[in-house]
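Asks: With the input below, show me the fold.
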Amino acid sequence: MLAPAILIVLFCCGSFVLGAVPFGKLIASAVAHLDITKRGSGNIGATNVAREAGVKWGIITLLLDCSKGFVPAFLFMHLFDQSELLLSGIALATLLGHQYSIFLGFRGGRGVATALGIFLALSPLECLIGAGIFTGTVCFSGFVSVGSMLAACIMPFLLLATRRSITLVALSALVSVLICIRHKDNIRRLLAGEENRWRGRNPC
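Replies: Numbering: from 1, shown residues only. Just a heads-up that it's a prediction; the model follows:
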């Protein structure tokens, strides 16, 4: 079924608002009575929540942020017979909502978990390969930021290798750029040798 234009606009706006919900900040405030934006790295994502509020709450944050990316893309893909370009727009709206949250003064998270949810919906095989690359990189280096950026940057090449559409490849390339931009502070700390490792030198 083709969706009318007004429904597409509403779906896009709804995806942006859903993406903007700062689950990490809400969870850390509720369970640990702390403002996660003022602790650790100041990020609202799962890694900082896990460090500051506990691993269990970090995992819950990860799952919720991932679902923000998965649900809109999955629903739009299965409810409407629309082009991949529109589907990519819905996915991008969710990611931008997370990275530039209207609830946090247009500040937000890095977008890695939300991007994971998006590509679990759109290209699950390639996404799982990317997740494996992320895990291996974090285990080897100890840096979540390095694993996140490497997995994001490899995703377009995985999609090219499996002959997915150019639209999906372009979406993944744009997502990787946005994720790397949001990691600019991590890149600065890595170059300065000041980036924190995840749970010690050999996390795995």
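
Asks: What residues sit buried inside the lengthiest helix in the chain?
Replies: Scanning the chain for the helix with the most residues, using DSSP state H, yields helix 55-79. For helix 55-79, burial by neighbour count (16 or more other CB atoms under 10 Å) applies to 57-58, 60-62, 64-70, 72-74, 76-77. All C-beta atoms are positioned from the backbone trio N, CA, C, and that covers glycine.

Asks: Output the contacting helices and strands for that helix.
Replies: helix 5-20, helix 23-32, helix 46-53, helix 84-99, helix 112-122 (3 or more CB pairs under 8 Å, 6 or more residues apart in numbering; DSSP states H and E).

Asks: Let me know the angle separating that helix from helix 23-32.
Replies: 140 degrees (axes from the mean of the first three to the mean of the last three CA atoms, to 10 degrees).

Asks: what's the helix or strand for residue 185?
Replies: helix 184-192 (DSSP states H and E).

Asks: and that helix, how far from the chain's centre?
Replies: Between the centre of helix 184-192 and the centre of its chain there are 19 Å (CA atoms, centre = their mean, to the nearest Å).

Asks: Check the model's average confidence along it for me.
Replies: Averaged across helix 184-192, pLDDT comes to 94.

Asks: which residues sit against it?
Replies: Contact with helix 184-192 is made by 41, 143, 145, 146, 149, 180, 195, 196, as judged by CB atoms under 8 Å, 6 or more residues apart in numbering.

Asks: so who does the second one touch?
Replies: I take that to be residue 143. 137, 190, 195, 197, 198.

Asks: How about the last one?
Replies: Residue 196 makes contact with 41, 189, according to CB under 8 Å, 6+ apart.

Asks: Which of the three states applies to it?
Replies: Put simply, residue 196 is coil when judged by DSSP: H, G, I helix; E, B strand; the rest coil.

Asks: again, but for the first one
Replies: The three-state label given to residue 41 by three-state DSSP is coil.

Asks: you'd agree it is up against residue 50?
Replies: No: contact between residue 41 and residue 50 fails when scored by CB atoms under 8 Å: they sit 11.3 Å apart.

Asks: before we move on, back to that, residue 166 is nearest to which of the helices and strands packed on helix 55-79?
Replies: helix 84-99 (9.1 Å; CB to CB).

Asks: Could I have the CA atoms of the closest one written out in CSV?
Replies: Output of helix 84-99 as CSV, limited to C-alpha atoms (Å, rounded to 0.1, in the frame of the first residue of the first chain):
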residue,chain,number,x,y,z
GLU,A,84,14.0,2.7,-0.4
LEU,A,85,14.8,6.4,-0.6
LEU,A,86,11.7,7.2,1.6
LEU,A,87,12.6,4.3,3.9
SER,A,88,16.1,5.7,4.2
GLY,A,89,14.7,9.1,5.1
ILE,A,90,12.6,7.6,7.9
ALA,A,91,15.7,5.8,9.2
LEU,A,92,17.8,8.9,9.0
ALA,A,93,15.2,11.0,10.9
THR,A,94,15.4,8.5,13.8
LEU,A,95,19.2,8.7,13.9
LEU,A,96,19.2,12.5,13.7
GLY,A,97,16.6,12.6,16.5
HIS,A,98,18.9,10.6,18.7
GLN,A,99,22.0,12.6,17.9
